[in-house]
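Asker: with the sequence up front, the predicted model follows.
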Amino acid sequence: MKCLVVTTHPLNDSLCKLLSNHVENRLIGMGHEVTVEDLYAERFEPALTAAERASYYSNRYESSDVAQQVSRLEEAEALILLFPTWWFGFPAMLKGWFDRVWGPGIAYDHAVDFGPIEPRLSNLKQVLVVTTLGSPWWVDRLVMHQPVKRIIKRALLGTCTRKSKLRFLTLYNSEKLSEQTISAFKNRIEKALTNWE
């Protein structure tokens with residue numbers, strides 16, 4: 001498959017970067033075509049521009065500034081998102097990627113009467129989310145009700161794709177991990193990827 005790996009972390013020696021490299025190597029080893037989009041390394045500008053917002057409901061969304069990112073998203077059959085969860089939400093860089101790249105005419109079409117939007121990402125079949133979170137599992141699941149997972153599953157994939165399958169992996173207590181815990185989490189990632197075949 002054509003796999004798009006989108007990774008988001010400002011530090012090159014981060015756990016996120018380590019996991020991203022692991023995913024990239026595993027996908028290549030499995031024979032997939034892999035494109036890595038490192039939002040920080042590419043100096044992606046997350047802020048929606050005035051031209052983009054002004055064109056949101058026009059005949060054509062102004063996406064020329066993010067044309068390369070749009071092309072990679074439209075071609076992807078599998079999407080892998082690797083990022084830290086900060087304040088139970090997306091890093092600003094990744095949120096901006098959704099705001100600017102998942103635009104109308106790209107990820108979805110507006111309904112004529114501003115009703116439910118129509119999905120456009122028909123190529124996207126598999127989605128794997130790998131995220132780290134400093135909090136313990138029970139805070140995310142029982143107190144916060146997994147806000148990041150709900151947004152990805154319902155708001156993004158639920159409206160922009162028709163048949164994509166989501167696998168969501170969270171590494172909790174990420175600020176105090178042992179090598180054994182990281183290794184076990186890597187095994188979970190490999191198992192999720194293997195299930196694509």
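Answerer: Sure thing, it's come through. Numbering: from 1, shown residues only.
Asker: for the rest of this, base every contact and every neighbour count on C-alpha atoms.
Answerer: OK.
Asker: torsion angles phi and psi at T7?
Answerer: phi -120, psi 150 (degrees, to the nearest 10).
Asker: next one: the one 3 residues further on
Answerer: Backbone geometry at P10, expressed as degrees, to the nearest 10, gives phi -70, psi -20.
Asker: I figured it hits Y40, correct?
Answerer: Yes - using C-alpha atoms under 8 Å, P10 and Y40 qualify as a contacting pair, with a distance of 5.9 Å.
Asker: what do these two both touch?
Answerer: Common neighbours of P10 and Y40, using C-alpha atoms under 8 Å, 6 or more residues apart in numbering, do not exist here.
Asker: who's sitting farthest from the centroid in this protein?
Answerer: The C-alpha centroid of the chain is most remote from D113, which lies 29.1 Å away (C-alpha atoms, centre = their mean).
Asker: Three-state assignment for the residue nearest the centre of the chain, please.
Answerer: By C-alpha atoms, centre = their mean, the chain has its centre lying nearest to L81, at 3.4 Å. Of the three states, L81 takes strand under DSSP: H, G, I helix; E, B strand; the rest coil.
Asker: beta-bridge partners for it, please?
Answerer: V6, V129 (DSSP bridges).
Asker: what's the weakest-modelled helix or strand in this structure?
Answerer: None of the helices or strands of the chain scores lower by mean pLDDT, DSSP states H and E than helix 137-138, at a mean of 90.
Asker: pull out the buried residues from whichever helix or strand comes after that helix.
Answerer: Downstream of helix 137-138, the first helix or strand assigned by DSSP states H and E is helix 147-150. Residues of helix 147-150 classed as buried by neighbour count (16 or more other C-alpha atoms under 10 Å): V148, K149.
Asker: show me what the following helix or strand past helix 147-150 is packed up against.
Answerer: Remark: after helix 147-150, the chain's next helix or strand is helix 158-160, criterion DSSP H and E. Based on contacts counted as 3 or more C-alpha pairs under 8 Å, 6 or more residues apart in numbering; DSSP states H and E, the elements that helix 158-160 packs against are strand 118-119.
Asker: good, wrapping up.
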